[in-house]
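Q: Next comes the sequence, and after it the predicted model I'd like to discuss.
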Amino acid sequence: MDTQAIIFAICSIGGLGIVFGAILGYASKIFAVDEDPRVGQVLECLPGANCGGCGYPGCGGLATAIVEGKAPVNACAVGGPSAANAIAAVMGVVAEEKEPTVAFVRCGGTCDKAKNNYEYDGIDDCVMASQLVGSTSKSCAYGCMGLGSCVKACPFGAIKIENGVAVVDPEVCVSCGKCVATCPKHIIEIVPKKKKVKVQCSSKDMGKAVMSVCSAGCIGCKICEKTCKFDAIHVIDNIAVIDYDKCKNCGMCANKCPKKVITGYRVEAPKPATPAAPAAPAAPAAEAPKAEAPATEAPKAEEPKAE
């Protein structure tokens, strides 16, 4: 092999590498985008969960959005108040207090309450099973499938399947929204943590149809709507819907619900016994009539004696 040709090839390739390297280096200077140093500082304040619950692609995306003013400093639900205060210090603002929220599954159709059309024996994944004909073994087309897609999606272990229905642990849930986005039935929602009154049903069928498939379903009777004194609950599309901005957490709707679909039932305190009315003073006893003394007979006049 010609040595000269080999040296020429090496020099040519090396020369091209140097030229292209210089061009790329120059381009990086010309088209460089200066990053705000606060992005890195905000990123250090975030928990690094990269759950996407904030709506941005990971913690890096949220940090950039916060610095650019596109997201509030308290946008990270996982970090909570501590992360919000740390980010606020970096940004030179005051973090607004954000009401804690949790995920809630709007279904109470456990195995002992909801009827099944057939026995499902397939992949334990709600998303996959929902693609099949019929989409669910339960007779209620709106209910929880109970196959655990939300359980797999939750990075914090805050949700589990109990008796055929997904249940959220409010003390562990950080309201990241992963389960909400995963559920193919769209029956998981984010609600205020302090609110105990929630509707545990998602069926939009008429009352008769609901009762035929589940004993724990909302029948749209509107008793809750008529009971609420704060106009906080209305029946929309045959299902009770709570306006949490108006709800006072009184539990009156839960107490009156005939199907016990609404959580937050409160045991009513027993009413105090009405004190007995004071007895009327006894009328004075009537005096017995005094016995009259027998009348004394007047002495009879003596008759004159005959002489």
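A: All right, it came through fine.
Q: Next, the contact list for Met204, please.
A: Quick fix: residue 204 reads Lys, not Met. Contact analysis of Lys204 by Cβ atoms under 8 Å, 6 or more residues apart in numbering lists Tyr142, Asp237, Asn238, Ile239. From N, CA and C alone the C-beta is placed, and that goes for glycine too.
Q: let me redo that: Ala77
A: Gly53, Cys54, Thr101, Val174, Ser175, Cys176, Gly177.
Q: now, among these, which is nearest to Lys185?
A: For these, the residue nearest Lys185 by Cβ to Cβ is Gly177; the value is 15.7 Å.
Q: Isn't the closest one up against Ala103?
A: Yes. Using Cβ atoms under 8 Å, Gly177 is in contact with Ala103, at 7.5 Å.
Q: and for those two, which residues touch both?
A: Ile190.
Q: neighbour-wise, which of these two wins?
A: A count of neighbours by other Cβ atoms under 10 Å puts Ala103 above the other of Gly177 and Ala103, at 25 against 20.
Q: Look at the more buried one and tell me its secondary structure.
A: Following DSSP: H, G, I helix; E, B strand; the rest coil, we place Ala103 in the strand state.
Q: unless I'm mixing things up, it is touching Cys179, no?
A: Yes. Between Ala103 and Cys179 there is a contact under Cβ under 8 Å: 5.4 Å.
Q: quick one on the thing from earlier: give the buried subset of the contacts of Lys204 as a ChimeraX selection command.
A: Selecting only the buried entries of the contacts of Lys204 in ChimeraX, with 16 or more other Cβ atoms under 10 Å as the criterion:
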select :142,238,239
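Q: Narrow the contacts of Lys204 to those in strands?
A: Among these, the members found in strands (DSSP state E) are Ile239.
Q: Tell me the one of the contacts of Lys204 nearest Pro81?
A: Ile239 (33.9 Å).
Q: Now do the helices in the stretch 1-150 of the chain.
A: Listed in chain order, the helices of the stretch 1-150 of the chain (DSSP state H, counting those that start in this stretch) span 3-30, 37-45, 58-67, 80-91, 126-129, 149-153.
Q: of all those, which lies closest to Cys247?
A: Closest among the helices of the stretch 1-150 of the chain, using Cβ to Cβ: helix 80-91, at 23.4 Å.
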